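Chemist: Whatever this is, show me its structure:
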Amino acid sequence: MDEIHTPKGKVPVVSTYLHFKDILGAWKVRWGIGRMNYKINPGLYAVGKPDNTSPVLVSANYKLTFDVLRQELSGLDCWILILDTKGINVWCAAGKGTFGTDELVNRISKTGLPEIVSHRKLVLPQLGATGVSAHEVKKQTGFSVVYGPVRAKDIKAFFDSGFKATEEMRTVKFTMRDRLVLTPVELVTAAKSSLMVFGVIFLLNLFVTRPFGLADFIAYVGAVLTGTVLTPLLLPVIPGRAFAWKGWLMGLLWTLLIVWYSGCFVPECLFLAIGYLLVLPSLSAYLAMNFTGSSTYTSFSGVIKEMKIAVPLIAISSIVGIVLLLINSIWA
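Modeler: You can find the predicted model right below:
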């Protein structure tokens, strides 16, 4: 990696071109491989040939975020100040407090930024605004904070307009494609947890009268897909606000379809049908609720409020449903 000399020592120069290793790393993270350790070292980085008048962009040390940002800076000369957000993206880190005032003030001091640039302006991502107190940063460091556009691809236009963001740049979008990109990691996480469920079912099948079989497997997998993929994809059009409710509603539709197709709307299958109706929508609800951490639709306080209501209901419904399914399997 090339370096550039500054009054505070050498600063690494990063490329705006993503190599195969970067693309492969991003793909692996999307599928949950090495996701918790996909980060870069906090500090100051250079793009192009910046000088003491060049703009300073602030971002997180999640490498996926860093790669998206540097890719959009081709042809520019600027500095990137990377905060230690523990490998978490800007939006989530702002909610957790790691993309915050203290870390920003600390990082400015550690990098010697006041001696590297002559101006006193920092460009922060808009999604990080909840974690940073701009007036406190100004008070402690002398640097004023300007919030940039939501998307990195608008940074050049933001610079060209004199650091002014249009309404379009300020608008947070979360398209179906954005949501689809995030679903693989949810699916993989659910699949890992499902292995334990399958192990328990395998042991139960050694003793019960009616073993769990292919039909039960399909019902379960469908509920998982409904919660991890279908609900996020259809998020804006599913009635209601809470993610758990949306997941439960989609899970209910799936379960009704399975029960109807299996011919379980008869007295002989009562325990099985009710068990399905209690367990499967609850599973979809729980998995859909997990997607709140990937979404820009909710706030941290909103997630906490939803969990306080949804988790007990999901737990009770699941326990009662599992008991009914076990009764159906043992005394069938």
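Chemist: What number of residues are in the vicinity of the nearest residue to Tyr147 once chain neighbours are set aside?
Modeler: In space, and not counting its chain neighbours, Tyr147 is closest to Gln126: 4.7 Å by Cβ to Cβ, 6 or more residues apart in numbering. All C-beta atoms are positioned from the backbone trio N, CA, C, and that covers glycine. Using other Cβ atoms under 10 Å, Gln126 has 18 neighbouring residues.
Chemist: How about His135?
Modeler: Around His135 there are 11 residues (other Cβ under 10 Å).
Chemist: I'd guess Pro149 is in a strand, am I close?
Modeler: No. Per DSSP: H, G, I helix; E, B strand; the rest coil, Pro149 lies outside any strand segment and is coil.
Chemist: thinking it is in contact with Thr171, fair?
Modeler: No. Assessed by Cβ atoms under 8 Å, Pro149 is found out of contact with Thr171, at 9.4 Å.
Chemist: shaky segments in this structure?
Modeler: 295-300, 332 (pLDDT under 70).
Chemist: For it, which segments are assigned as strands?
Modeler: Assigned by DSSP state E, the strands in the chain fall at 3-6, 9-12, 43-47, 56-60, 78-83, 121-124, 144-147.
Chemist: ok, and which of the ones you listed has the densest surroundings?
Modeler: strand 56-60 (a mean of 26; mean count of other Cβ atoms under 10 Å).
Chemist: who touches that strand?
Modeler: 65-66, 69, 73, 78-83, 85, 88-90, 93, 99, 104, 113, 117, 121-125, 128, 148, 155 (Cβ atoms under 8 Å, 6 or more residues apart in numbering).
Chemist: What residues sit buried inside the top helix by length along the chain?
Modeler: For the chain, the helix with the greatest residue count under DSSP state H is helix 300-330. By neighbour count on 16 or more other Cβ atoms under 10 Å, the buried set for helix 300-330 is Val303, Glu306, Met307, Ala310, Ile314, Ser317, Ser318, Gly321, Leu324, Leu325, Asn328, Ser329.
Chemist: Please state the offset of it from the chain centre?
Modeler: Mean C-alpha position of helix 300-330 versus that of the full chain (Cα atoms, centre = their mean, to the nearest Å) differs by 23 Å.
Chemist: Could you list every helix and strand in contact with that helix?
Modeler: helix 243-261, helix 270-290 (3 or more Cβ pairs under 8 Å, 6 or more residues apart in numbering; DSSP states H and E).
Chemist: ok and the last one relative to helix 300-330, angle-wise?
Modeler: Which is helix 270-290. On the basis of axes from the mean of the first three to the mean of the last three Cα atoms, to 10 degrees, helix 270-290 is oriented at 160 degrees to helix 300-330.
Chemist: With the first one instead?
Modeler: Orientation note: helix 243-261 sits at an angle of 20 degrees relative to helix 300-330 (the same axes, to 10 degrees).
Chemist: to the chain's geometric centre, what's the distance from helix 243-261?
Modeler: Here helix 243-261 shows a centroid-to-chain-centroid distance of 24 Å under the convention Cα atoms, centre = their mean.
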